[in-house]
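[1] what follows is a predicted protein model with its sequence.
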Amino acid sequence: MTLKICIAQLNFVVGDLAGNAQKIIDASRTAYAEGARLVLTPELSICGYAAEDLFLRPAFIAACHDAVKRVADELAALKDLTVVVGHPTGGDRRTRSVAVQDRLNAASVLRGGDVVATYAKRELPNYQVFDERRYFTPGQGVCVFEAGGFRIGLLICEDAWFESPARLAKEAGAELLAVINASPFHVGKGYEREATMRERVRVSGLPLVYAHLVGGQDEVVFEGHSFVVGVDAEIAGRAPSFEEKLFYASVKRSVDAIEVVAEMVPERALDADLWDALVLGVRDYIGKNGFPGVLLGLSGGIDSALVLAVAVDALGRDRVRAVMMPSPYTADISWIDARDMAARLGVRYDEISILPEFEAFKASLAPQFVGLAEDTTEENIQARIRGTLLMALSNKTGALVLTTGNKSEMATGYCTLYGDMAGGFAVIKDVAKTAVFRLARWRNANDPYGTGASPIPERIITRPPSAELRPDQKDQDSLPPYEVLDAIVEHYMENDEGIEEIVARGFARADVEKVTRLIKLNEYKRRQSPVGIRVTHRSFGKDWRYPITSKFRA
């Protein structure tokens, strides 16, 4: 006995219920024609993940129900096809003083035009970017359904990270676990999932099929990387990452066990995953929100160079524009390298001097600044002139401004509000400076999208970083070396280690106290920064929720 399963690793749009339903219908018909009799779609596939406070609107839940019914109706003629669809269900029953929540993160099993079973997610994550207890009540039941002669236990994402849901499914007669998921990417997360699911198989004794979402949604990215685990707890198949795919697995019953086999895509380098996450994040944010293209300030430095390379890989050269805006402190090599890189990638490139505007600002403010020495005020004026010019071009053309600040700068406030922070999408907001250098070298050695080899001039990578807002300025004049800075940020911000713990690791106390102080002082800036792509397990976004006004000091 054999059952062919289609893992529909698809890219959905939050709130596009008609489009998402049609995508499920089309994928199911294709899979049926290929011989599949069970189709698994990702968690909350009907509405997209995560719909956030849309879940609180009764009209949204009702529209989701209608979309599920439409999928069931459209596929009713394929009577031996079973399709699992993720969707929210339920709502609030209000009394005089309280709201009793019964909204569920659910999945329905569709066959022959009917909903033959519905399962509600039992384990609701409420950490990192997850906020599911704001929207849902934990489910209480178990779902084991039949497809092609096999009894399949249905779990939703976080359920599979705990022993109990799988055990209950087995006790209810399951022979195979089907896990539908929407688990946001961070570097290395795909292999963490594989390791956890292998342990789930070892404990439960049941083979497992893991169906995962792909696509970008605001600040999070889902990489696909669906897979299957055999009863021996070894990976028996793996889908490609960062692309839509109808991924097929065959389930066979033998005398002693159930065998699950599928295509096996090799493991990938972590930097390849990181690059693809940034590319997909840009492509989907621009595409799903309907922007015609992007533009960015190209300074001749490594951050803007990396963002330009990502943007071209994501959108193609015709939808990307680079603008060089030299100041009195811009080095000649910055002009040369910016022009060189723009030519390598074939993007539109313009130069707009900010000298006239800078002199005009200084003249206007001179009576107010009498007796006061030049300081960061004049540096920030330059950054804000550039931000204004980019936003004007954005308004005129409709192209979205990509900001170029990295995580190290976001952490320490080495960035200017309404200046280099002005824009609509922060591509490398969660990429530390040391990783920026590493990624630049990786991209120069690889051309994954065929947009050009070695796009970043070597001198951009090797020259000391500088904001070029005063004579002979270098980043390290104000900050510890990036190797030290990024390590402290990782220990303190990403891993919640205390100051004494970090000092005990061998870091200079002065560096630790300076970096942690800057992280606290600059929360007000980060609150005003554009949304950006999350690629670590803790980003400055939904993962990081600290008060701006606070007297606490560790």
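    The structure has been received and is ready for your questions.
[2] so for the residue of the chain positioned farthest from its centre, what's the pLDDT?
    Within the chain, the residue lying farthest from the chain centre (C-alpha atoms, centre = their mean) is Gly371, at 48.8 Å. As predicted, Gly371 sits at a pLDDT of 95.
[3] phi, psi of it?
    phi 80, psi 0 (degrees, to the nearest 10).
[4] for it, give its distance to Gln382.
    With distances taken as C-beta to C-beta, to the nearest Å, Gly371 is found 22 Å from Gln382. Using the backbone N, CA and C atoms, a C-beta is placed for each residue, glycine as well.
[5] what does Ala36 give?
    59 Å.
[6] now Val323
    14 Å.
[7] these two: which has the busier surroundings?
    Using other C-beta atoms under 10 Å as the criterion, Val323 and Gln382 rank with Gln382 on top: 26 against 22.
[8] who's in contact with that one?
    The contact partners of Gln382, taken as C-beta atoms under 8 Å, 6 or more residues apart in numbering, are 327, 329, 354, 358, 419, 469.
[9] can you tell me which residues contact the closest residue in space to the third one that isn't next to it in sequence?
    Pointing back at Ile354 there. Spatial nearest neighbour of Ile354, chain neighbours left out: Ile385 (4.7 Å); criterion: C-beta to C-beta, 6 or more residues apart in numbering. Contacts for Ile385 (C-beta under 8 Å, 6+ apart) come out as 325, 354, 357-358, 361.
[10] next, format those residues as JSON lines and append secondary structure and neighbour count.
    Formatted as JSON lines, the contacts of Ile385 follow (DSSP: H, G, I helix; E, B strand; the rest coil; neighbours: other C-beta atoms under 10 Å):
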{"residue": "Met325", "secondary structure": "coil", "neighbour count": "23"}
{"residue": "Ile354", "secondary structure": "coil", "neighbour count": "21"}
{"residue": "Glu357", "secondary structure": "helix", "neighbour count": "19"}
{"residue": "Phe358", "secondary structure": "helix", "neighbour count": "17"}
{"residue": "Phe361", "secondary structure": "helix", "neighbour count": "17"}
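[11] for stretch 53-68, could you pull out the residues that count as buried?
    54-55, 60-61, 63-64, 67-68 (16 or more other C-beta atoms under 10 Å).
[12] tabulate the CA atom coordinates of it in PDB.
    The C-alpha coordinates for stretch 53-68 follow below in PDB (Å, rounded to 0.1, in the frame of the first residue of the first chain):
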ATOM      1  CA  ASP A  53      -4.800  41.900  14.900                       C
ATOM      2  CA  LEU A  54      -6.800  41.000  11.900                       C
ATOM      3  CA  PHE A  55      -7.500  37.800  13.900                       C
ATOM      4  CA  LEU A  56      -9.500  40.000  16.300                       C
ATOM      5  CA  ARG A  57     -12.000  41.100  13.700                       C
ATOM      6  CA  PRO A  58     -15.000  38.900  13.300                       C
ATOM      7  CA  ALA A  59     -15.400  39.800   9.600                       C
ATOM      8  CA  PHE A  60     -11.900  38.500   9.000                       C
ATOM      9  CA  ILE A  61     -12.700  35.100  10.700                       C
ATOM     10  CA  ALA A  62     -15.900  34.900   8.700                       C
ATOM     11  CA  ALA A  63     -14.100  35.500   5.500                       C
ATOM     12  CA  CYS A  64     -11.600  32.800   6.300                       C
ATOM     13  CA  HIS A  65     -14.500  30.300   6.800                       C
ATOM     14  CA  ASP A  66     -15.900  31.300   3.400                       C
ATOM     15  CA  ALA A  67     -12.500  30.700   1.800                       C
ATOM     16  CA  VAL A  68     -12.200  27.300   3.400                       C
END
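[13] let me know the average pLDDT across that stretch.
    Mean predicted confidence for stretch 53-68 is 96.
[14] repeat for stretch 251-260
    For stretch 251-260, the mean confidence score works out to 88.
[15] ditto for stretch 179-196
    Mean predicted confidence for stretch 179-196 is 97.
[16] the strand or helix carrying Val203 packs against which elements?
    Taking DSSP states H and E as the definition, one finds Val203 inside helix 189-204. Under the contact criterion of 3 or more C-beta pairs under 8 Å, 6 or more residues apart in numbering; DSSP states H and E, helix 189-204 touches helix 163-171, strand 176-181, strand 208-212, strand 227-229, strand 235-238.
[17] now distance to Arg545 and mean neighbour count too, for the ones you listed, in a markdown table please.
    Below are these laid out as a markdown table (distance: least, C-beta to C-beta, whole Å; neighbours: other C-beta atoms under 10 Å):
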| stretch | distance to Arg545 | mean neighbour count |
| --- | --- | --- |
| helix 163-171 | 29 | 18 |
| strand 176-181 | 25 | 27 |
| strand 208-212 | 27 | 28 |
| strand 227-229 | 32 | 26 |
| strand 235-238 | 34 | 21 |
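[18] tell me the contacts of Met324?
    Shown in contact with Met324 (C-beta under 8 Å, 6+ apart): 297-300, 334-335, 338-339, 349-352.
[19] now tabulate those residues in a markdown table and tack on pLDDT, neighbour count and secondary structure.
    Compiled in a markdown table, the contacts of Met324 are given as follows (pLDDT from 0 to 100; neighbours: other C-beta atoms under 10 Å; DSSP: H, G, I helix; E, B strand; the rest coil):
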| residue | pLDDT | neighbour count | secondary structure |
| --- | --- | --- | --- |
| Gly297 | 97 | 27 | strand |
| Leu298 | 97 | 26 | coil |
| Ser299 | 93 | 27 | coil |
| Gly300 | 92 | 26 | coil |
| Ser334 | 88 | 22 | helix |
| Trp335 | 89 | 15 | helix |
| Ala338 | 94 | 28 | helix |
| Arg339 | 96 | 17 | helix |
| Tyr349 | 98 | 17 | strand |
| Asp350 | 97 | 13 | strand |
| Glu351 | 97 | 14 | strand |
| Ile352 | 97 | 16 | coil |
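[20] which of those residues sits closest to Leu246?
    Using C-beta to C-beta, Leu298 is the member of the contacts of Met324 that sits closest to Leu246, with 39.4 Å.
[21] so what does the closest one have for phi and psi?
    phi -100, psi 110.
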